[in-house]
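1. below is the sequence, then the predicted model.
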Amino acid sequence: MKLTMHKFAVTSLAVLLGLFPLHAMAQSGSFTIAQHGKAVGTATVTFRATAKGYDTSSVVQVTMKGLNYSISKTEQLSSTNRLLHVQLSATVNNSAVNVTAVPDAAQFVLNVSANGRSSTTRLASHPATVFLPDFDPGAFDTLLALATTQNSRDLWAILPKKSGTQDGTIVPVQVATYMDEKGTMDGQPIAVHHLVATIGGAKSDLFSGPNHQLLQAELPQQGFALVRKGFVLTPPAKAGAPPAGARPPAGAAPQGPAQAPAQPQPQAQPQAPVQQ
């Protein structure tokens, strides 16, 4: 995106004042998906400013023993990062799934097509909601932006997975801020913010840059990580602790960045989106 110096100065001031959506600072990114340090896939995300807010797109591909997983997601967000429309196409071990999500009055409506059948699921609507498929860096970028503008309060995530009789569920998200870490981006030192997001009871360590863009995510699936290409996290000698005066939500114990977050029932691999 090309900006005049005047527009750039106005944009920078607006971000500092908290008046400008944070996605403007995270235009695109490429990520490696790894399990236990071994690359098993890739992910990309792109944000494009529009007159109403943002158009975003994410592409994810994971190929490993027992799992062939790919998604393509397009999303429309308002200028305050509120969900306006989501279209997800996924293939999980040769089984295709398509999901459309749109707000409708006081609900989110999920229309799902999989294995020759269609269904509609209605979920409670909340203003600060992120649509969160597995391994999607765009969803984490949106979550980081919402956590900043919402002061980490009243956050929710739509998980496009089978839950009981429903093809999807909406769960609360708690975000705790921990002490900053260190790292490098393309060999240059970079300040790294450390947050722990508890999403429906499962913890993810999120590491973000100075402009709140995702750098690395330690995922709740056992041993999986999402790492921006060119970024290297410098692990601290001890597990991170909340800064003075900050308290994590109940049950959110500090996590070391080099290990996968603790969870009640670890999974060997991600669940398929709304797999029937």
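-> Nice, I can see it. Residues are numbered from 1 along each chain as shown.

2. show me what contacts the residue nearest to H85 when sequence neighbours are not counted?
-> Excluding the flanking residues, the one nearest H85 by Cβ to Cβ, 6 or more residues apart in numbering is Q76, at 4.3 Å. Every C-beta, even on glycine, is put in place using the N, C-alpha and C of the backbone. Taking Cβ atoms under 8 Å, 6 or more residues apart in numbering as the criterion, Q76 is in contact with T50, K52, G53, Y54, D55, T56, L83, L84, H85, V86.

3. right, and the third one touches S78 too?
-> Going back to what we said before, that points to G53. Yes: at 4.2 Å, G53 and S78 qualify as touching, with contact defined as Cβ atoms under 8 Å.

4. check contacts around the residue nearest the centre of the chain.
-> Nearest residue to the geometric centre of the chain (Cα atoms, centre = their mean): F140, 1.8 Å. Contact analysis of F140 by Cβ under 8 Å, 6+ apart lists L206, L214, A217, L226.

5. quick check on it: phi, psi?
-> Per-residue torsions, F140: phi -70, psi -40 (degrees, to the nearest 10).

6. the one 5 residues further on now?
-> Geometry field for A145 lists phi and psi as phi -60, psi -40, criterion degrees, to the nearest 10.

7. can you check the pLDDT for it?
-> pLDDT, A145: 93.

8. ditto for R247
-> Reading off the model, R247 has pLDDT 41.

9. ok, F108 next?
-> Model confidence at F108 (pLDDT) stands at 94.

10. so what's it bridging to?
-> When assigned by DSSP bridges, F108 has beta-bridge partners P103, L123.

11. cool, L67 as well?
-> M64.

12. against G201, how distant is it?
-> From L67 over to G201 the distance is 23 Å, taken as Cβ to Cβ, to the nearest Å.

13. coming back round to it: name the residues contacting each of G53 and S78.
-> Common neighbours of G53 and S78 (Cβ under 8 Å, 6+ apart) are L84.

14. okay, the two: which has more neighbours?
-> G53 (18 against 14; other Cβ atoms under 10 Å).

15. what's the burial count for H36?
-> There are 10 residues near H36, going by other Cβ under 10 Å.

16. so who does it touch?
-> G223.

17. burial count for D136?
-> Per other Cβ under 10 Å, the neighbour tally for D136 reads 25.

18. ok, it to Y69 distance?
-> D136 is 11 Å from Y69, by Cβ to Cβ.

19. name the residues contacting each of these two.
-> With contacts defined as Cβ under 8 Å, 6+ apart, the residues shared by D136 and Y69 are V60.

20. can I assume S58 is in contact with D141?
-> No: taking Cβ under 8 Å as the definition, S58 is not a contact partner of D141, at 9.2 Å.

21. and for the two, which residues touch both?
-> Between them, S58 and D141 share the contacting residues V45, judged by Cβ under 8 Å, 6+ apart.

22. just give the nearest non-adjacent residue to A101, would you?
-> Counting by Cβ to Cβ, 6+ apart, the residue nearest A101 is V86, at 4.1 Å.

23. same question, L195
-> L195's closest residue in space is L206 (Cβ to Cβ, 6+ apart), at 4.7 Å.

24. in a strand, the one you found, correct?
-> Yes: secondary structure of L206 (DSSP: H, G, I helix; E, B strand; the rest coil): part of a strand.

25. can I assume it is in contact with I199?
-> No: look at L206 against I199 with Cβ under 8 Å: they stay out of range, at 10.4 Å.

26. who has more neighbours out of these two?
-> Between L206 and I199, counted using other Cβ under 10 Å, the more crowded position is L206 (23 against 20).

27. residues in a beta bridge with the more buried one, which ones?
-> L195, A217.

28. residues contacting it?
-> F140, L143, L144, H194, L195, V196, A197, L214, Q216, A217, E218.

29. in this structure, spot the strand with the most residues.
-> For the chain, the strand with the greatest residue count under DSSP state E is strand 166-185.

30. other SSEs contacting it?
-> Counting by 3 or more Cβ pairs under 8 Å, 6 or more residues apart in numbering; DSSP states H and E, the packing neighbours recorded for strand 166-185 are strand 95-104, strand 107-114, strand 117-124, helix 137-149, strand 155-163, strand 188-199, strand 231-234.
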